[in-house]
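*Asks:* Please work out how this folds:
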Amino acid sequence: MDFSKVMQLLKDASPYDLYRIKIAIENEIEKPEHIKVIRARFAIGDQISYFDQGANSLIYAVVLDKMVKNVRVKNLLDNKIWILPYYMINFEKKESDIPTNSKEKPTKNNFRMGDCVGFNNDGVQCVGIITKLNHKTATLVTHDNKHWRVSYGLLFNVLNGELVDHTSTALIGHNENET
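*Replies:* Sure thing, here's the model as predicted:
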């Protein structure tokens with residue numbers, strides 16, 4: 001699916017149109033026929049991935065139990081147990097990133113928890129790790145443990161190689177543990 005075209009259509013839609021689309025999608029993904037097909041695709045003990053809205057990224061887990069409308073999984077990163085609706089599972093191993101036009105300002109869809117990002121603070125480049133994705137801002141922590149809330153439009157991604165020049169190795173180690 002071409003998410004860039006879908007995102008452009010959504011940006012042009014009115015709030016009422018978005019609400020109607022949301023309801024139509026909810027009705028479609030909760031159909032018993034869909035759930036039946038999904039449940040048949042995996043077994044208890046299988047490793048799956050699902051999209052986590054809070055982290056805005058794929059999470060890997062092991063299936064513990066299959067229920068009527070949900071699946072119980074154990075997150076492989078933090079070992080927490082979650083109950084998820086079946087439609088959250090990414091069976092096709094599709095990419096979860098939503099590409100945007102390089103001319104557009106970045107939005108929440110362009111970042112994930114654990115991403116290493118930078119921003120300009122009165123002429124000084126600050127680099128940190130995203131710890132939370134808010135509605136309009138990302139919360140991040142810098143290598144000196146300062147917490148910042150920065151608008152998505154002001155953030156840019158930082159490659160690991162760039163970290164060596166701007167931050168301590170403690171931040172690099174923290175980033176590797178997060179991903």
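
*Asks:* only C-alpha atoms for contact and neighbour calcs from this point on.
*Replies:* OK.

*Asks:* Show me which positions of the longest helix seen in the chain end up buried.
*Replies:* Taking DSSP state H as the criterion, the chain has its longest helix at helix 15-29. The neighbour-count check on helix 15-29 (16 or more other Cα atoms under 10 Å) flags nothing as buried.

*Asks:* After that helix, which helix or strand is next? Please name it.
*Replies:* helix 32-39 (DSSP states H and E).

*Asks:* For the most centrally placed residue in the chain, give its distance to Tyr86.
*Replies:* In the chain, the residue lying closest to the centroid (Cα atoms, centre = their mean) is Asn56, at 1.1 Å. Going from Asn56 to Tyr86 by Cα to Cα, to the nearest Å gives 18 Å.

*Asks:* Check Val73 too.
*Replies:* Applying Cα to Cα to Val73 and Tyr86 gives a distance of 11 Å.

*Asks:* Can you give me the domain assignment for this protein?
*Replies:* 3-88, 108-178 (automatic domain parsing).

*Asks:* Point out the most buried one among those domains.
*Replies:* Neighbour counts (mean count of other Cα atoms under 10 Å) averaged over each of the domains of the chain peak at domain 108-178, with a mean of 16.

*Asks:* so Leu140 makes contact with Leu155?
*Replies:* No. Using Cα atoms under 8 Å, Leu140 is not in contact with Leu155, being 10.5 Å away.

*Asks:* Tell me the spacing between Arg39 and Val73.
*Replies:* Arg39 is 13 Å from Val73, by Cα to Cα.

*Asks:* Let me fix that, I meant to ask about His135.
*Replies:* From His135 to Val73 the distance is 27 Å (Cα to Cα).

*Asks:* What residues are bridge-paired with the residue nearest to Leu77 when sequence neighbours are not counted?
*Replies:* Nearest non-adjacent residue to Leu77, counting by Cα to Cα, 6 or more residues apart in numbering: Tyr60, 7.3 Å away. Assessed by DSSP bridges, Tyr60 has beta-bridge partners Ser49.

*Asks:* Report the contact partners of Ile35.
*Replies:* Ile35 sits next to 69, 86-87 when contact means Cα atoms under 8 Å, 6 or more residues apart in numbering.

*Asks:* Quick one, grab the pLDDT at the residue nearest to Leu77.
*Replies:* For Tyr60, the model assigns a pLDDT of 93.
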